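**Q** Quick one, what's the 3D model for this:
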Amino acid sequence: MMSQSPTPSVEVEVGSNTERETEIESENEVEVDDGLIKRRKTRSEVWDEFEKKHLGAGKIRATCHHCKKFFDGSSKNGTTHLRNHLKTCSRRPQNRLSQRLITSVTSGGKPPRMGTWKFDAAKSRIAFAKMVAFHDYPFNMAEHRYFQEYVKTIDPRIKFYSRNTIRADVKKVYDAMRVQLQATLERNTSRVSLTTDLWTAEHQNLGYCCVTCHFLDDDWVLHKKIIAFGMIPSPHTGIILSEFIKSTTLAWNIDSKLFAVAVDNASSNDVMIRNLKEWMNDKGVLLLNGDMFHMRCSAHVLNLIVQDGLKVVGSLVGKIRESVTFIKSSQGRKQKFESALVQTKLTGKGVSSDVPTRWNSTFHMLESAIEVKSAFFRLAELHSEYKTLPSKEEWERGAVICECLRVFNNITLLFSGVKYPTANLYFKGVLDVNVCILDWLNSPHDYVRSMAQNMKEKFDKYWKSCSLMMTIGTIIDPRYKFKFVQFAFSKIYGNDSTTYSNQVLSSLRELYSSYAMQAGPDIFSQDSFVGTSTSSSGIFGNIGLKSKLESEFDNLHKNMSQSNEKSELEKYLDEPLFPKGDDPRSFDILAWWKLKAPSYPILATMARDLLAVPVSTVASESAFSCSGRVVTPHRSSLAPDIVESLSCVKNWLPPLSDDVISLEEGSEICDATSVI
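**A** Next comes the predicted model:
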């Protein structure tokens with residue numbers, strides 16, 4: 001980390017191979033909020049800009065480095081007069097307007113503005129800590145000789161902090177940002193949903209659990225923030241995981257705000273969810289008795305469905321996988337394949353390898369291989385050792401299956417978005433998959449029918465366990481509402497569709513009633529039937545006042561009128577559907593509800609909580625790819641709390657771009673690597 005020369009922390013001799021550190025680590029204190037750095041010093045920093053010369057007889061002369069004026073430097077006179085001189089010294093660079101940098105400052109997304117720049121050591125130190133965390137730089141970066149040499153070409157007065165100080169600064173930045181985020185969560189009026197996933201650090205052999213909090217703020221902006229990245233003791237049972245989630249929600253004071261938790265489909269996660277539901281129900285904070293609490297990761301469910309379907313083309317997938325391995329096994333083979341690409345006029349193309357447990361990486365491998373299949377035929381002619389060339393029939397089968405998988409790939413990409421709500425897209429997306437599977441059951445190709453049959457069995461298994469969340473999420477989308485659910489159920493259940501539709505509508509009304517009760521007192525309170533008492537001054541004593549009978553009549557008439565009024569939910573469902581576009585993501589549902597919130601205050605509150613529910617654990621999974629860069633072989637000794645600090649700060653800092661994390665764009669999720 002860097003500081004300006006008045007701070008006597010680390011002295012570096014430029015051009016020398018040695019560095020002399022005079023900094024005392026325990027004496028450094030960073031206050032991130034106000035940008036101040038407090039440090040005990042052995043002498044005043046003014047002496048960095050004055051030359052001290054002993055004249056004898058206890059006299060000391062202080063000569064200014066800049067203007068060469070001299071002053072009395074005796075300790076009895078202090079240093080105030082020296083400081084005052086530095087403030088007005090015309091030759092001091094900091095005081096010369098011509099030496100000030102004119103910078104373009106951008107803040108909070110506002111247009112750049114011009115202004116003068118003045119070095120702030122505290123802000124620079126904090127910015128360096130943020131840079132290290134965000135870009136996964138090593139803690140000892142400031143100790144690298146040529147980094148120091150480069151920085152000194154900018155300002156030779158700058159000195160540097162050690163790796164231990166940088167590590168401590170990152171922790172303090174984390175602590176300060178954590179306080180700010182917790183305050184935001186406590187101020188926010190909406191509920192929160194969580195995603196969680198496990199990861200084992202390869203270089204540490206330690207298991208970590210990432211918990212990501214998803215919520216919509218009062219301005220209807222969607223947020224995803226990592227609130228825990230902790231080491232989990234082995235074995236990773238459901239009990240241990242549930243205790244970790246409990247402690248996390250209690251530490252962040254969001255246990256009473258939990259709406260749903262999205263997890264992968266695993267037995268340990270089922271145990272975790274069951275324990276959490278019991279704990280939350282005992283506290284009386286879950287809605288619908290927790291029927292919407294467990295959200296199975298859509299991407300994981302789709303992965304299980306597709307994996308069963310891929311078994312029918314296992315021979316083709318195996319041959320292509322072996323072909324990719326063959327090409328990658330040596331430089332000579334790779335060059336042969338490059339020659340084959342050139343000869344078949346496919347220069348610039350390539351083929352990717354896959355991870356067998358990631359169906360989408362298998363899809364991309366098939367897609368890229370089919371595109372250059374002529375190069376594989378050419379490779380077989382150029383290289384006699386290449387023996388795994390798929391047959392013409394297998395290539396044709398692969399092309400058909402690849403088009404089927406494209407449906408799942410597009411749906412998975414839609415579900416894996418983190419910049420837009422996905423709860424309202426889930427139901428329709430899954431229905432599209434179901435329609436395709438039903439079509440494939442009637443395919444003229446027996447291998448497609450076999451694939452579809454395997455997929456259908458798996459699909460039916462998971463449909464029943466998550467349809468309630470999907471349908472209610474769709475109903476709050478003004479383009480679909482309950483009308484689309486009724487239509488879809490008629491296609492799925494036929495004559496039994498009314499029964500299923502009524503079950504969904506009943507749950508929807510119960511959920512709405514819960515929010516209505518939280519919004520204020522019941523308008524049908526029996527207190528409204530209390531009449532006005534009369535005095536005993538005679539039969540005409542209360543002339544001009546309402547009688548008890550009249551008051552009861554008025555209240556009865558009022559309540560009868562109110563009972564005939566439609567609720568917000570009924571009014572919303574009765575309104576015409578909002579026009580749909582071709583791209584389901586082009587409609588800004590958050591902007592729509594923000595605009596309609598004054599008209600539907602109760603329903604809008606419910607919509608905020610529902611739309612914040614993620615249907616995929618991609619947000620938590622992507623954190624592990626970042627942490628793979630945090631826990632490198634050179635950082636394998638990092639303490640778990642530092643790993644958490646680095647991971648959280650990286651997540652909390654504003655992104656450099658608006659790129660959406662997706663299975664297609666994120667190599668860490670897709671796990672497909674390019675061969676050429």
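
**Q** Roughly how far does Val613 sit from Leu198?
**A** Distance from Val613 to Leu198, counting by C-beta to C-beta, to the nearest Å: 21 Å. C-betas here are computed from N, CA, C, even on glycine.

**Q** Could you check which of those two is surrounded by more residues?
**A** Val613 (26 against 19; other C-beta atoms under 10 Å).

**Q** right, and the more buried one touches Met469 too?
**A** Yes. Counting by C-beta atoms under 8 Å, Val613 does reach Met469; the two are 7.1 Å apart.

**Q** shared neighbours of those two, which are they?
**A** Residues touching both Val613 and Met469 by C-beta atoms under 8 Å, 6 or more residues apart in numbering: Ala260, Met295, Ala423.

**Q** Closest to the centroid, which residue in this structure?
**A** By C-alpha atoms, centre = their mean, the chain has its centre lying nearest to Lys224, at 4.0 Å.

**Q** what comes into contact with whichever strand or helix holds it?
**A** Using DSSP states H and E, Lys224 sits within strand 222-232. Contact partners of strand 222-232, identified using C-beta under 8 Å, 6+ apart, comprise 181, 198, 206-217, 240-241, 244, 248, 251-252, 418-421, 590, 611-612, 614, 619-620, 623, 627, 640, 643-644, 647-648, 651-652.

**Q** Now which of those would you call buried?
**A** By neighbour count, with 16 or more other C-beta atoms under 10 Å, the contacts of strand 222-232 hold 181, 198, 206-217, 240-241, 244, 248, 252, 418, 420-421, 590, 611-612, 614, 619-620, 623, 627, 640, 643-644, 647-648, 651-652 as buried.

**Q** Val271: helix or strand, and which one exactly?
**A** Counting by DSSP H and E, Val271 is found in helix 267-283.

**Q** which one of the shared contacts of Val613 and Met469 is nearest Lys481?
**A** Lys481 lies nearest to Ala423 out of the shared contacts of Val613 and Met469, by C-beta to C-beta, at 14.5 Å.

**Q** quick one: contacts for that closest one?
**A** By C-beta under 8 Å, 6+ apart, Ala423 lies in contact with Met469, Gly473, Leu610, Leu611, Ala612, Val613, Pro614, Val615.

**Q** rerun that using 6 Å as the cut-off
**A** Ala423 is in contact with Gly473, Leu610, Leu611, Val613, counting by C-beta atoms under 6 Å, 6 or more residues apart in numbering.

**Q** Excluding chain neighbours, give the residue nearest to it in space.
**A** Leaving out its chain neighbours, the residue that sits closest to Ala423 by C-beta to C-beta, 6 or more residues apart in numbering is Gly473, at 3.7 Å.

**Q** That neighbour touches Leu425, doesn't it?
**A** No. If you go by C-beta atoms under 6 Å, Gly473 and Leu425 don't touch, sitting 8.0 Å apart.

**Q** Which secondary structure state is assigned to Val211?
**A** Following DSSP: H, G, I helix; E, B strand; the rest coil, the label given to Val211 is strand.

**Q** how near is it to Ala142?
**A** Val211 is 32 Å from Ala142, by C-beta to C-beta.

**Q** care to break the chain down by domain?
**A** 1-35+120-182, 43-101, 188-297+617-670, 303-457 (automatic domain parsing).

**Q** got those domains as JSON lines, with mean pLDDT and distance to Leu573 columns?
**A** Shown next, in JSON lines, are the domains of the chain (pLDDT from 0 to 100; distance: least, C-beta to C-beta, whole Å):
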{"stretch": "domain 1-35+120-182", "mean pLDDT": "72", "distance to Leu573": "37"}
{"stretch": "domain 43-101", "mean pLDDT": "82", "distance to Leu573": "60"}
{"stretch": "domain 188-297+617-670", "mean pLDDT": "81", "distance to Leu573": "19"}
{"stretch": "domain 303-457", "mean pLDDT": "89", "distance to Leu573": "15"}
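
**Q** can those domains go into JSON lines with extra columns for distance to Asn502?
**A** JSON lines is the format used below for the domains of the chain (distance: least, C-beta to C-beta, whole Å):
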{"stretch": "domain 1-35+120-182", "distance to Asn502": "42"}
{"stretch": "domain 43-101", "distance to Asn502": "70"}
{"stretch": "domain 188-297+617-670", "distance to Asn502": "16"}
{"stretch": "domain 303-457", "distance to Asn502": "17"}
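
**Q** rewinding a little: list the buried residues for the helix holding Val271?
**A** Buried residues in helix 267-283, counting neighbours by 16+ other C-beta under 10 Å, are found at Ser268, Asn269, Val271, Met272, Ile273, Asn275, Leu276, Lys277, Trp279, Met280.

**Q** which residues sit against the helix or strand that it is followed by?
**A** Sequence order places strand 294-296 as the next helix or strand after helix 267-283, per DSSP H and E. Contact with strand 294-296 is made by Ala260, Ala262, Asn265, Ile273, Cys466, Met469, as judged by C-beta under 6 Å, 6+ apart.

**Q** filter those residues to the buried ones?
**A** Ala260, Ala262, Ile273, Cys466, Met469.

**Q** pLDDT of stretch 573-589, averaged?
**A** Regarding stretch 573-589, the rounded mean pLDDT is 86.

**Q** Run the chain-centre distance for it.
**A** In terms of C-alpha atoms, centre = their mean, to the nearest Å, the centre of stretch 573-589 is found 26 Å from the chain centre.

**Q** contact partners of that stretch?
**A** Outside stretch 573-589, the residues that touch it by C-beta under 6 Å, 6+ apart are Tyr420, Asn424, Leu425, Pro478, Arg479, Lys481, Phe482.

**Q** next one: stretch 485-496
**A** By C-beta under 6 Å, 6+ apart, stretch 485-496 touches Leu431, Thr471, Ser497, Tyr500, Ser501.

**Q** how deep is Ser384 tucked in, by neighbour count?
**A** Residues near Ser384, counting by other C-beta under 10 Å, number 7.

**Q** got any ranges where the stretch 451-600 of the chain has weak pLDDT?
**A** Along the stretch 451-600 of the chain, the model assigns pLDDT under 70 to residues 465-467, 520-564, 584-585.

**Q** which residues of it fall in helices?
**A** 481-493, 497-519, 548-564, 568-574, 589-596 (DSSP state H, counting those that start in this stretch).

**Q** need the ones you listed in JSON lines with distance to Asn188, can you?
**A** JSON lines is the format used below for these (distance: least, C-beta to C-beta, whole Å):
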{"stretch": "helix 481-493", "distance to Asn188": "27"}
{"stretch": "helix 497-519", "distance to Asn188": "15"}
{"stretch": "helix 548-564", "distance to Asn188": "32"}
{"stretch": "helix 568-574", "distance to Asn188": "22"}
{"stretch": "helix 589-596", "distance to Asn188": "15"}
